[in-house]
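Enquirer: got a predicted structure here, sequence first:
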Amino acid sequence: MTSAQEVVTALQGASLTVATAESLTGGLLCAALTDVPGASTVVRGAVVAYATEVKSSVLGVDAQVLRSGGAVQGVVATQMATGAARALGSDLGVATTGVAGPDPQDGQPVGTVFVAVSLAGRREVRRLRLAGSRAQIRSATVQAALGLVAEVLGVQEDPELPGR
């Protein structure tokens, strides 16, 4: 499991900055990163796009994609990550979207989660199927997002993404 400290250290070593776009995690990912001493050298900020329309208006997620398939899609996570990097002027964007419960959303069952990273034209997205309480799903999503960032930065060859 990748820690926020490892991600911050890797970003510092690569002289890269990061921005988060968070839906179901509601800021927990950025909070994990900013808990690390010295994170201010790499963390640009976060957009908590909990409402679907914020994903479009602030992060630039395609409104037609949201209308046709809802917010719980890999393409939405990817566009959120790209939009966060653009909006906050960072090198790397990382995004979370999904269903933490208690009810299904957009035709997706509880535990369906997407995490995505955008860096220099590279976009990676992972679909997860998580189980547990709302808090457990949100926590596991933060860990998965950190793992994906580490993978993209090359500091972790075989990421431990829960529910993969």
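Expert: On my side now, so go ahead. Numbers count the residues shown, from 1 in each chain.

Enquirer: for stretch 121-139, measure first residue to last.
Expert: End-to-end span of stretch 121-139 (CA to CA, to the nearest Å): 28 Å.

Enquirer: please identify the buried residues of that stretch?
Expert: Buried residues in stretch 121-139, counted by 16 or more other CB atoms under 10 Å: 123-128, 130, 132, 137-139. Placement of C-beta: from N, CA and C, glycine included.

Enquirer: neighbouring contacts of it?
Expert: By CB atoms under 8 Å, 6 or more residues apart in numbering, the residues outside stretch 121-139 that reach it are 24-26, 28, 74-75, 77-78, 81-82, 98, 100-102, 110-117, 140-141, 144, 148, 151-152, 161-164.

Enquirer: give me the subset of the buried residues of stretch 121-139 lying in helices.
Expert: Per DSSP state H, helices hold the following members of these: 137-139.

Enquirer: pick out whichever of these sits closest to residue 2.
Expert: residue 139 (13.6 Å; CB to CB).

Enquirer: distance check, that closest one against residue 74.
Expert: Per CB to CB, to the nearest Å, residue 139 is found 21 Å from residue 74.

Enquirer: and if you look at residue 100?
Expert: Counting by CB to CB - residue 100 and residue 74 are separated by 17 Å.

Enquirer: ok, those two, which is more surrounded?
Expert: Between residue 100 and residue 74, counted using other CB atoms under 10 Å, residue 100 has the larger neighbour count: 25 against 16.

Enquirer: how close does the more buried one sit to residue 12?
Expert: 31 Å.

Enquirer: same question for residue 149.
Expert: The separation that residue 149 has from residue 12, given CB to CB, amounts to 13 Å.

Enquirer: who's more crowded, those two?
Expert: Higher neighbour count among residue 149 and residue 12: residue 149, with 31 against 15, using other CB under 10 Å.

Enquirer: quick check: that one touching residue 94?
Expert: Yes. Using CB atoms under 8 Å, residue 149 makes contact with residue 94 at a distance of 5.5 Å.

Enquirer: overlap in contacts, those two.
Expert: By CB under 8 Å, 6+ apart, the residues touching both residue 149 and residue 94 are 18, 117.

Enquirer: now the spatially most central residue of the chain: phi and psi?
Expert: Residue closest to the average C-alpha location in the chain (CA atoms, centre = their mean): residue 95, at 2.3 Å. The phi/psi pair for residue 95 (degrees, to the nearest 10) reads phi -130, psi 150.

Enquirer: now do the contacts for it.
Expert: 20-23, 77-78, 80-81, 84, 114-118, 145.
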